[in-house]
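In: could you work out the structure for the sequence below:
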Amino acid sequence: MAGQTEARFTREHEWAVRNGDEIVIGITSYASEELGDVVYVEFLDVGVHVETMDEFGTVESVKAVSPLYAPIAGEIVAVNDSLAVEPELVNSSPMSNGWMIRLRPDDASAIDDLMDSDAYTSFVNELRA
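Out: You can find the predicted model right below:
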């Protein structure tokens with residue numbers, strides 16, 4: 001997709017991808033595996049502004065209810081309504097069809113402060129050790 005960048009990651013297991021003027025956000029495969037079967041997701045409304053590390057929603061699985069954190073500040077411009085009827089997309093396709101929200105970032109370059117895929121893989125490997 002034109003204008004799309006490589007995914008960046010947080011220590012809380014969210015991913016973020018720049019797509020044109022927006023940042024698409026979801027949770028990582030590692031997070032979805034740890035959660036188990038996702039049964040429900042809930043997000044803040046479109047139009048709400050979040051600061052970096054503000055909760056933008058929750059994900060409920062058979063194991064727990066977990067908060068979702070905004071990797072960067074911005075205005076929520078879209079939520080993945082498909083997850084209301086198919087929350088299992090978070091498990092089956094966390095990095096594509098299971099995306100959660102799209103933000104219009106306050107500062108698009110803030111995404112560069114997040115971990116790249118190599119750093120995130122090392123981080124996850126430490127957690128698994």
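
In: now name the helix or strand holding the most centrally placed residue in the chain.
Out: The chain has Gly26 as the residue nearest its centroid, 2.1 Å off, counting by Cα atoms, centre = their mean. Using DSSP states H and E, Gly26 maps to strand 22-27.

In: ok, that strand: who's next to it in the sheet?
Out: Looking at strand 22-27 with DSSP bridges, its partner strands are strand 14-19 (antiparallel), strand 101-105 (antiparallel).

In: go ahead and name everything in contact with the shortest one.
Out: Okay, so that is strand 101-105. Applying Cβ atoms under 8 Å, 6 or more residues apart in numbering, the contact partners of strand 101-105 are 19, 21-25, 43-44, 50, 56-57, 70, 72-80, 111. C-beta: built from backbone N, CA, C; applies to glycine.

In: identify the residues contacting stretch 116-129?
Out: Contacts of stretch 116-129 (Cβ under 8 Å, 6+ apart): 6-9, 11, 28, 30, 115.

In: one more: stretch 6-15?
Out: 16-17, 25-28, 30-31, 34, 53, 68-71, 94-95, 111-112, 114-117, 119-120, 123.

In: out of the residues you listed, which are buried?
Out: 16-17, 25-28, 30-31, 34, 68-71, 94, 111, 114-115, 120, 123 (16 or more other Cβ atoms under 10 Å).

In: filter the contacts of stretch 116-129 down to just the ones in helices.
Out: Within the contacts of stretch 116-129, residues falling in helices by DSSP state H are Tyr30.
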